[in-house]
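Enquirer: Below: sequence and its predicted model.
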Amino acid sequence: MAGAGPGDADLLTLGTLKALQSAQALLYDALVSEDILALAPQRCIKICVGKRGDRLSVPQEKTNALMVRLARRGLHVVRLKGGDPSVFGRVEEERDHLDRHGVPHKTLAGVTAASAAAAQFSFPLTHRSEARSVTFLTGRTKDGSIDLRDASVADPEMSLVFYMSSHNAGHIQARLLGAGRSPFTPVVLIENAGRAHARARKLTLRDLPATVVAEGWDGPVLIGIGDAFAYARMADTMLAARTA
């Protein structure tokens, strides 16, 4: 298992780069960029097994079976996952399947989208005066719900980063306001974090659902909520993207 990061090849770890360059079979997620796929040998077997919300996707069971089948052929198999394998991926389901079939494996970390976004748009995820902790949450649970426990999300000094949750923007806003968060809490929306064509918008919690609808972005969207995100710098990043 190797983390591809959020898409920019510059954000690959050296370990993942070495794994790619020696891969004989590559099972990759839908959001892995062409630049990263090009780093694998030309004769490497490349199979897209990625999943995108509300779209046709390869069943997890098929991915599991492919890993075992290719490994038993004696191939060096790299399961390339977007971001970091341990953050909102299905890494444990896949490792458990490999364990049960006696296939040895190891996991290589990757840069998660929140870290890439924080660097790209120059904001902190934590701040010693305003944000003592950060919590990552997903809007893509098995039953489609999103778990927001009032006791934790109500803390104004906690940064919240929602992955794959733009479709739940209205529910997120309602729960956070109901938990006591101010409607003027800073929010940043980021599409395609870590890539040269990333886009971002700064707003407040009050305007979250309307802004998500107005933007209508098709790429993966992060939602950052909390005082730390007020530091996001838009102009510097847009200039960097134009000159990349």
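Expert: On my side now, so go ahead. Numbering: from 1, shown residues only.
Enquirer: Where does the prediction get shaky in this structure?
Expert: Residue ranges of the chain with pLDDT under 70: 52-56, 140-145, 147, 235-244.
Enquirer: Can you show me the helices along it?
Expert: Per DSSP state H, the chain carries helices over the ranges 14-21, 34-37, 60-72, 91-100, 113-120, 150-153, 169-178, 208-215, 234-243.
Enquirer: For residue 198, find the nearest of those helices.
Expert: helix 113-120 (6.1 Å; Cβ to Cβ). Using the backbone N, CA and C atoms, a C-beta is placed for each residue, glycine as well.
Enquirer: Next, the distance between the ends of stretch 91-108.
Expert: 11 Å (Cα to Cα, to the nearest Å).
Enquirer: The chain should start at 17 in everything you say after this.
Expert: Yes, from this point I'll number from 17; that puts the last item at stretch 107-124.
Enquirer: buried stuff in that stretch?
Expert: For stretch 107-124, the neighbour count (16 or more other Cβ atoms under 10 Å) marks 107, 110, 111, 113, 114, 123, 124 as buried.
Enquirer: Pick out the most distant pair among those.
Expert: 113 and 124 (18.1 Å).
Enquirer: do you know which of the helices of the chain lies nearest residue 59?
Expert: helix 30-37 (12.4 Å).
Enquirer: other SSEs contacting that closest one?
Expert: When contacts are defined as 3 or more Cβ pairs under 8 Å, 6 or more residues apart in numbering; DSSP states H and E, helix 30-37 packs onto strand 18-19, strand 93-97.
Enquirer: can you put those strands in TSV and add distance to residue 136 and mean neighbour count?
Expert: Output for those, formatted as TSV (distance: least, Cβ to Cβ, whole Å; neighbours: other Cβ atoms under 10 Å):
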stretch	distance to residue 136	mean neighbour count
strand 18-19	17	26
strand 93-97	20	26
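Enquirer: what about those, which gets the closest to residue 135?
Expert: Among these, the nearest to residue 135 by Cβ to Cβ is strand 18-19 (15.8 Å).
Enquirer: what's the residue closest to the geometric middle of the protein?
Expert: Nearest to the geometric centre of the chain sits residue 129, at 4.4 Å (Cα atoms, centre = their mean).
Enquirer: residues contacting it?
Expert: 22, 99, 179, 209, 210, 236, 238 (Cβ atoms under 8 Å, 6 or more residues apart in numbering).
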